[in-house]
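# could you look at this predicted model? Sequence included:
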2 protein chains.
Amino acid sequence: MIERLCIIGVGLIGGSLARALRVAGFCKEVVGSGRNPDHLQQAADLGVIDRYDTDPARAVAGADMVVVAVPLGAMESVFSAIRSHLADHTVLTDAGSAKGSVIEAVQRAFGSLPDFFVPGHPIAGTEQSGVSASFPELYRDRRVILTPAESTDAEATARVRAMWEAAGAYVTEMTAVHHDAVLAATSHLPHVLAYTLVDSLARLSDRDEVFEYAAGGFRDFTRIASSDPVMWRDICLANGDAIELLIDRFIEDLQVLKGVVHAHDGEKLLEIFTSAKQARDRYIKK
Amino acid sequence: MIERLCIIGVGLIGGSLARALRVAGFCKEVVGSGRNPDHLQQAADLGVIDRYDTDPARAVAGADMVVVAVPLGAMESVFSAIRSHLADHTVLTDAGSAKGSVIEAVQRAFGSLPDFFVPGHPIAGTEQSGVSASFPELYRDRRVILTPAESTDAEATARVRAMWEAAGAYVTEMTAVHHDAVLAATSHLPHVLAYTLVDSLARLSDRDEVFEYAAGGFRDFTRIASSDPVMWRDICLANGDAIELLIDRFIEDLQVLKGVVHAHDGEKLLEIFTSAKQARDRYIKK
């Protein structure tokens, strides 16, 4: 149970968490913070938060749980702003899509890694953004990964875990390095590919016609290219090394496939496509 | 109005066309053909076809419309089998996803391009296949592209157009070469990328974990990797030149993006992602 929850960055991710915890009766008061008072007022009007303060240092006062759900590029300035204003019993966590860069930002802001900070990442989201897109079921049956350091207080980790479980999520733990490698493969690379494909097609001379004849498969395939560009810029900056590695690997595999197409090797094409279909079908069944 | 429709290849595409034309009251009799009598019996049991004959030469007897909806790799043998058995008034069309290769197959089978053959491509489908997945609304408000040659009989083209319009589709015409370039961009390249991505991830050492943490975006992005591998092998063999060109172009663009990630150029990343999001959002609104 949380007495006072402070959410810094009340968008899709932060707003949905607040809504879920309210529905679950897991927190008494929700204080919002963020740069844009209009967005915060909208969150208050929607009943997502009880009150707000655009100054994060004031917003965190007395909170027993602070969740920082701002874009990765804004994390460090938020941590710097709140570092001297947290209560003794405050647990601090975040919802960033890359963990190594957030841990570095906390270290820079606090001078060292505080034992009450629990890095977290809810693997949920839609291509929508903003508090108006938030909904209490966003985390139901979804995974949240926590990447506590060895020095992290076990009780702090347990409280963050309990919060996400109250929101309906399954919580697992792994190292930050491993998290960043896994997410680069399942999320960051696919987004990079979708953005690149749409951008590539948008620069074709017959682009209007090309998009006109795009069918449902294309729509699904490129849905993630409608995601928030600022968020994905920040992820590419924050997890660049892992993403670059996977881009290289993907280009190698694509070169191999091109060679197979060029050689008219139907047997090999069938083998690759069948193996991919089986892998995906197995994963979807789970 | 069609008196006797013969569909060779009663799967998702052929079966959905038969269902749609029945619902529209646009054909009196549907005769199915294909290699597998069990599948044809299933189509008959489902009421998709009235009767069937596994010999396409017998199945086309007396039909005023013959639709060949078999995988691209099986087209030529079907055309060869039926060439001497078509009635004087028969219009012949196909539903292949690449047009240049089908036209070549017809030319080889018939010795030259018959004026009663109208190449066609319904831009519709799901990642499912087989007659059990067919449904009468598959073509509603979807596009069908016809690529008649200059020598094609205008009356034959008009009859094929009327058939697809009765099934609920919008019909447009373009050259086969242009069709193959446009579809390589909107359909063939995305399928190649999705198959390659899933295959690439499936070969990672921590593949089970990678798939376990994949979220909704990944599910959408890779949906087309669950498509029929035989169909996509055939498309890659049939439209290889156009696909190779686009793979090259895509790799170039991906190399550029990787350079931008490596340079930590946030401004350029934001520009690329924003342009892609805007292009996709515009296309989806249409």
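Happy to help now that I have it. Numbers count the residues shown, from 1 in each chain, chains lettered A, B, ... in the order given.
# check which helix or strand covers A:Arg19.
helix A:12-23 (DSSP states H and E).
# packing partners of that helix?
Packed against helix A:12-23 by the contact rule (3 or more Cβ pairs under 8 Å, 6 or more residues apart in numbering or on different chains; DSSP states H and E) you find strand A:2-8, strand A:27-33, helix A:154-166. Where you see a C-beta, it was placed from the backbone N, CA and C, and this is true even at glycine.
# so what's the gap between stretch A:151-167 and the chain middle?
18 Å (Cα atoms, centre = their mean, to the nearest Å).
# ditto for stretch A:264-273
For stretch A:264-273 - counting by Cα atoms, centre = their mean - the centre lies 36 Å from the chain centre.
# next: stretch A:85-98.
Distance of stretch A:85-98 from its chain centroid, counting by Cα atoms, centre = their mean, is 16 Å.
# same question for stretch A:158-168.
Relative to its chain's centre, stretch A:158-168 lies at 17 Å (Cα atoms, centre = their mean).
# any buried residues in that stretch, and which?
A:Arg159, A:Val160, A:Arg161, A:Met163, A:Trp164, A:Ala166, A:Ala167, A:Gly168 (16 or more other Cβ atoms under 10 Å in any protein chain shown).
# now pLDDT and distance to A:Pro190 too, for these, in a markdown table please.
Putting the buried residues of stretch A:158-168 into a markdown table (pLDDT from 0 to 100; distance: Cβ to Cβ, whole Å) gives the following:
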| residue | pLDDT | distance to A:Pro190 |
| --- | --- | --- |
| A:Arg159 | 98 | 32 |
| A:Val160 | 98 | 27 |
| A:Arg161 | 98 | 28 |
| A:Met163 | 98 | 28 |
| A:Trp164 | 98 | 24 |
| A:Ala166 | 98 | 30 |
| A:Ala167 | 98 | 25 |
| A:Gly168 | 98 | 24 |
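# need the longest helix for chain A.
Selection of the longest helix in chain A by residue count, based on DSSP state H, yields helix A:240-262.
# can you pull the buried residues of it?
Buried residues in helix A:240-262 (16+ other Cβ under 10 Å): A:240, A:242-244, A:246-247, A:249-251, A:253-254, A:257-258, A:260-261.
# go on, stretch A:172-180?
Buried-residue list, stretch A:172-180, by 16+ other Cβ under 10 Å: A:Thr172, A:Met174, A:Ala176, A:His179, A:Asp180.
# render the CA-only coordinates of whichever strand or helix holds A:Phe218 in PDB, please.
In this structure, A:Phe218 sits in helix A:216-221 according to DSSP H and E. Extracted C-alpha coordinates of helix A:216-221, given in PDB (Å, rounded to 0.1, in the frame of the first residue of the first chain):
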ATOM      1  CA  GLY A 216      -3.200  -4.900 -43.900                       C
ATOM      2  CA  GLY A 217       0.200  -6.600 -43.400                       C
ATOM      3  CA  PHE A 218       2.000  -3.300 -44.000                       C
ATOM      4  CA  ARG A 219      -0.300  -1.500 -41.600                       C
ATOM      5  CA  ASP A 220       0.500  -4.000 -38.800                       C
ATOM      6  CA  PHE A 221       4.200  -4.100 -39.700                       C
END
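# what sits up against that helix?
Helix A:216-221 is contacted from outside by A:194, A:197, B:124-127, B:186-187, B:190-191, B:193-194, B:220-221, B:223-224, B:227, B:284, using Cβ atoms under 8 Å, 6 or more residues apart in numbering or on different chains.
# shouldn't A:Ala105 be in contact with A:Gly73?
No - using Cβ atoms under 8 Å, A:Ala105 makes no contact with A:Gly73, being 9.5 Å away.
# these two: which is more packed in?
A count of neighbours by other Cβ atoms under 10 Å in any protein chain shown puts A:Ala105 above the other of A:Ala105 and A:Gly73, at 23 against 17.
# check contacts around the closest residue to the more buried one other than its chain neighbours.
Take A:Ala105 and drop its neighbours on the chain: the residue closest to it by Cβ to Cβ, 6 or more residues apart in numbering or on different chains is A:Glu76, 3.9 Å away. Taking Cβ under 8 Å, 6+ apart as the contact definition, A:Glu76 lies against A:Ala105, A:Arg108, A:Ala109.
# re the thing from before, run through who's touching the longest helix of chain A.
A:180-181, A:184-185, A:188-189, A:192-193, A:236, A:268-269, A:272, B:192-193, B:195-197, B:199-200, B:236-237, B:240, B:243-244, B:247-248, B:250-251, B:254-255, B:257-258, B:261-262, B:264.
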